[in-house]
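S.K.: take this sequence and fold it.
(one chain, ligands or ions: 2)
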Amino acid sequence: MRKIKTSEAVGMVLCHDVTKIVPGEFKGPAFKKGHVVKEEDVPELLKIGKENLYVWECDKNSLHENDAAIRICEAAAGKNLFLTQPKEGRVNLKSAQRGLLKINVEVLSEINAIEEVTLATRHTNIAVEKEETVAGCRVIPLIIKQEKVEQVEEICAQSGPVIEIKPYRQLKTGIITTGNEVYSGRITDCFGPMVRDKLENIGCPVIRHDLLSDNSAQIATKIKEQISQGAEMVVVTGGMSVDPDDATPGGVKQTGAQIITYGTPLFPGAMFLLAYLDNVPILGLPGCVMYHQATVFDIILPRIVAGETVTRTDITRLGHGGLCLDCPTCRFPHCSFGKG
Ligand SMILES: Nc1nc2c(c(=O)[nH]1)N[C@H]1C(S)=C(S)[C@@H](COP(=O)(O)OP(=O)(O)OC[C@H]3O[C@@H](n4cnc5c(N)ncnc54)[C@H](O)[C@@H]3O)O[C@H]1N2
Ligand code: MOO
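M.R.: Ligands and ions are numbered 1, 2, ... in the order given. Purely as a prediction, here's the structure:
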């Protein structure tokens, strides 16, 4: 900290608030600690009676908190993000388009292990809309050693993007609704329209929607038929649990698809099945997906549509945070459900 003439302070950083008082009108900081003095501030400061100021010695080895936060965000950000203007030393990263938020959690911890650096994000693998805030960064002191920011930049240069948004693909999708009660017309299909809405909302056109009875062989044939007709993803609804009429898992198996999982540590969604047939994802959706607002489908679908190949390990990790509390007013995605 050093004393400097106000007339010579342009570009310098204030290390205290400068208070202005106009009787009956205003009392408060006209300039805040950390403010970088601009040419036009000089007459204003002189009017408040400040001919001298205390400023930080900002040498070539130091950075102002605003510049540090900008550089850290720029280093950590991958595709489809933009930075906000610094506010009280904090810079946010926002999504430039909707998609799947990916965070390299290990590298994020490495960055936060550097003292005086803080970078906070939302959970990895969540679906975000355009212009949502996904991360925030600030350094702790007003002036930080440049080498700390360079350390962050080095880590990011080696690791690749720490934060990015993977855009969604427009996967042509086939829906197969199973259930004797629906096929026979005994009840109206509620599952198909609900799945169609979610698919269309994420940008996947539904190219086929077939109704079938609970018959594994027919389900297998229909899945293969939809794929041969151009389906890049197949979603089969119902018949996923333990009743004698539950034929969907057997039907998917009969196609010869590789079963990634039948059973997922997410409630609602435990009876979910995921398989791949020649890279085409096949999703078996249990009845709960039709009933609850947020389920396994909302967790897995964005990942598949963003081009991820979901593995058994991805599935088993979902247990942590996999329990939905079924709140009277659902706040998903702003809750812990599916953030494993
Ligand atoms: N003893 C056990 N019972 C259940 C288990 C279990 O492990 N042991 N699992 C439960 C879980 S978890 C789920 S989820 C449900 C439902 O699973 P399913 O996928 O087998 O559902 P369905 O039997 O096909 O149907 C249940 C219910 O939903 C109605 N439904 C189904 N599809 C449609 C449709 N397209 N439109 C309208 N309504 C539909 C159906 O008529 C039934 O009422 O199983 C638990 N039970
Ligand atoms: O697949 Mo079921 O949720 O757990 O209702």
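
S.K.: which residue, other than its chain neighbours, is closest to I103?
M.R.: Leaving aside its sequence neighbours, I103 sits nearest to T124 (CB to CB, 6 or more residues apart in numbering; 3.8 Å). For glycine as for every other residue, the C-beta is placed from the backbone atoms N, C-alpha and C.

S.K.: the one you found: what secondary structure?
M.R.: Following DSSP: H, G, I helix; E, B strand; the rest coil, T124 is assigned to coil.

S.K.: surely it touches E106?
M.R.: No - applying CB atoms under 8 Å, one finds T124 not in contact with E106, separated by 10.7 Å.

S.K.: who has more neighbours out of those two?
M.R.: Neighbours per residue (other CB atoms under 10 Å) separate T124 from E106, with T124 holding more: 15 against 9.

S.K.: roughly how far apart are that one and N61?
M.R.: Between T124 and N61 the computed distance is 34 Å (CB to CB, to the nearest Å).

S.K.: cool, A68 as well?
M.R.: In this structure, A68 lies at 12 Å from N61, with CB to CB as the measure.

S.K.: and what of M271?
M.R.: Using CB to CB, we find M271 at a distance of 59 Å from N61.

S.K.: residues of stretch 137-155 that come out buried?
M.R.: The neighbour-count check on stretch 137-155 (16 or more other CB atoms under 10 Å) flags 137-139, 142-146, 148-149, 151-152, 155 as buried.

S.K.: SS state for K224?
M.R.: Per three-state DSSP, K224 ends up helix.

S.K.: now do the contacts for it.
M.R.: 255, 277 (CB atoms under 8 Å, 6 or more residues apart in numbering).

S.K.: burial measure for the residue in the stretch 51-200 of the chain that ligand 1 sits nearest to, as a count.
M.R.: For the stretch 51-200 of the chain and ligand 1, the shortest gap (CB to the nearest ligand atom) falls at F191, measuring 3.2 Å. The number of residues packed near F191 is 20, by other CB under 10 Å.

S.K.: contacting residues around it?
M.R.: By CB under 8 Å, 6+ apart, the contact set of F191 is 177, 179, 182, 237-238, 285, 287, 289-290.

S.K.: quick one: terminal-to-terminal distance for stretch 52-70?
M.R.: For stretch 52-70, the first-to-last residue distance is 30 Å (CA to CA, to the nearest Å).

S.K.: mean confidence score for it?
M.R.: Stretch 52-70 comes out with an average pLDDT of 88.

S.K.: quick one, domains of the protein?
M.R.: For the chain, automatic domain parsing gives the domain ranges 2-56, 62-166, 173-319.

S.K.: which stretch among those comes nearest ligand 2?
M.R.: Per CB to the nearest ligand atom, nearest to ligand 2 of those: domain 173-319, 2.9 Å.
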